[in-house]
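[1] would you be able to build a 3D model of this:
(one chain, ligands or ions: 1)
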Amino acid sequence: MERRRLGDSELEVSALALGTWAMGATVETWGCVDDGESIASIQEALDCGINLIDTAPIYGLGHSEEIVGKAIQGRRDEVLLATKCGLLFPKSENELPPRCLAPESILRECEASLRRLRTEYIDLYQCHWPDPDVPVRETMGALTALLEQGKIRALGVSNFGIEEIASAREFGPICASQPAFSILQPRAAQDLIPYCIEHDMGVLPYSPLAKGLLTGKFDEDSKLEGVRTRDPEFIGARYRRNLSLVASLKEIAQRYDKTVAQLAINWTANHPGVTAPIVGAKRPSQVIENAGGVGWTLTDEDRARIDELVRDT
Ligand SMILES: NC(=O)c1ccc[n+]([C@@H]2O[C@H](COP(=O)([O-])OP(=O)(O)OC[C@H]3O[C@@H](n4cnc5c(N)ncnc54)[C@H](OP(=O)(O)O)[C@@H]3O)[C@@H](O)[C@H]2O)c1
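    Got it, this is the predicted structure:
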């Protein structure tokens, strides 16, 4: 699989990355997920040439990182591990994860991630969400100390706006941004991605399949569960509009002899400025299909047609 440099870092990442949120998750979040299947999926990704694995402590409250740590045993040198800090474990089921980018909390979180991932270093350490209550100078102080100690190799941010990225970059190197970006959620193309191009930063879009909606496997009668029941893209008129859009995307995909999932991944992966979309999977067969989303190119006419469909549907 093609490799691309991540911003101005030394990391050469595959054109597709594997996301492991669902792999660590509870039944209430992502339905049934089997640890054996998750480990097989991670190993399948490595076999397909995917080298970037994205996880976070909050995914299954440490479980996703543990699964990744197990799956890469004996293959650490084939993998670039990306994890995150800044979302703490909630004290009860109904509480949202508190945000915290305080220095001592980051240092604690990093040690716990290293332990769960069974590694001595993290390749890309990302702030999961901004924390308005902590001065960014203090956050960056902790992160640059981790860089100097060799516990992390590069720094990234996720869900940061461009002003927040610019402030953080005053205090240290940030080589990548992780925004939501897909056919259904193209907003990052307006300002975030152009900013990253201008500042030689990598872009690692998440949810390129819109949580599976852009695979074509849903219809009006599908029984939705977990995170999907709370996502506006899966609700009411918006959901019906998305199903109709997916039907049109299927026709375009067929002309390339590709699936809708592969088309959606390709649209994101080949958008100027994108380094590698992070695609989630729960089974090796999904990983294999998704790997076929890169290594080919949609024509400019079809890209324009897709953008038009999103506007008009
Ligand atoms: N930084 C952040 O705030 C943030 C937020 C969200 C995600 N992320 C990262 O981005 C990754 C990907 O995002 P995501 O998991 O939200 O969404 P996604 O990649 O758009 O969708 C992944 C889900 O779609 C289904 N799927 C995947 N490939 C498929 C295929 N070929 N055919 C049919 N179904 C398929 C699987 O779920 P089912 O089998 O249940 O259908 C899978 O878990 C996450 O794992 C995480 O690493 C980061």
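[2] now the strand or helix carrying residue 302: average pLDDT?
    Assigned by DSSP states H and E, residue 302 belongs to helix 300-312. Regarding helix 300-312, the rounded mean pLDDT is 93.
[3] which positions in the stretch 101-250 of the chain make contact with the ligand?
    Neighbours of the ligand within the stretch 101-250 of the chain, by C-beta under 6 Å from any ligand atom: 128, 158-159, 178, 206-212, 215, 217. To be clear about C-beta, it is placed using only N, CA and C from the backbone, and glycine gets the same treatment.
[4] who wins on neighbours among the residues you listed?
    Highest neighbour count within those: residue 208, with 31 neighbours (other C-beta atoms under 10 Å).
[5] now do the SS call for it.
    coil (DSSP: H, G, I helix; E, B strand; the rest coil).
[6] that one touches residue 277, doesn't it?
    Yes: assessed by C-beta atoms under 8 Å, residue 208 is found in contact with residue 277 at 4.0 Å.
[7] between those two, which contacts overlap?
    181, 265, 268, 269 (C-beta atoms under 8 Å, 6 or more residues apart in numbering).
[8] mind exporting stretch 150-158 as CSV, just the C-alpha atoms?
    The C-alpha trace of stretch 150-158 is given here as CSV (Å, rounded to 0.1, in the frame of the first residue of the first chain):
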residue,chain,number,x,y,z
GLY,A,150,11.4,9.6,23.6
LYS,A,151,8.1,8.3,25.0
ILE,A,152,6.3,9.8,22.0
ARG,A,153,7.7,10.4,18.5
ALA,A,154,5.2,13.0,17.1
LEU,A,155,2.3,15.2,18.3
GLY,A,156,-1.2,15.5,16.8
VAL,A,157,-4.5,17.0,17.7
SER,A,158,-8.1,15.9,17.1
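[9] outside of that stretch, which residues touch it?
    Contacts of stretch 150-158 (C-beta under 8 Å, 6+ apart): 6, 9-11, 82, 84, 110, 114, 120-130, 143-144, 146-147, 164-165, 168, 172-179, 202, 204, 206.
[10] cool, and stretch 90-98?
    58, 87, 88, 89.
[11] again, only this time at 10 Å
    26, 28, 56-58, 61, 86-89, 105, 128-129, 131, 133 (C-beta atoms under 10 Å, 6 or more residues apart in numbering).
[12] please narrow those to those residing in helices.
    If you go by DSSP state H, the contacts of stretch 90-98 have 28, 105 in helices.
[13] of the contacts of stretch 90-98, keep whichever come out buried.
    Those of the contacts of stretch 90-98 that meet the buried threshold are 56, 57, 58, 86, 87, 105, 128, 129, 131, by 16 or more other C-beta atoms under 10 Å.
[14] the first one: what's its closest spatial neighbour, skipping adjacent residues?
    Read it as residue 56. Excluding the flanking residues, the one nearest residue 56 by C-beta to C-beta, 6 or more residues apart in numbering is residue 84, at 4.1 Å.
[15] quick one: what helix or strand has that neighbour in it?
    Per DSSP H and E: strand 80-85 holds residue 84.
[16] what pLDDT, on average, does that strand get?
    98.
[17] and it, what's buried?
    80, 81, 82, 83, 84, 85.
[18] that strand and the ligand, any residue contact?
    No: Strand 80-85 lies apart from the ligand when judged by C-beta under 6 Å from any ligand atom; the minimum separation is 6.9 Å.
[19] CA atoms of that strand as PDB?
    Provided in PDB are the C-alpha atoms of strand 80-85 (Å, rounded to 0.1, in the frame of the first residue of the first chain):
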ATOM      1  CA  LEU A  80       2.900   3.200  13.800                       C
ATOM      2  CA  LEU A  81       0.800   3.400  17.000                       C
ATOM      3  CA  ALA A  82      -1.400   6.500  17.300                       C
ATOM      4  CA  THR A  83      -3.300   7.100  20.600                       C
ATOM      5  CA  LYS A  84      -4.700  10.000  22.400                       C
ATOM      6  CA  CYS A  85      -4.900  11.900  25.700                       C
END
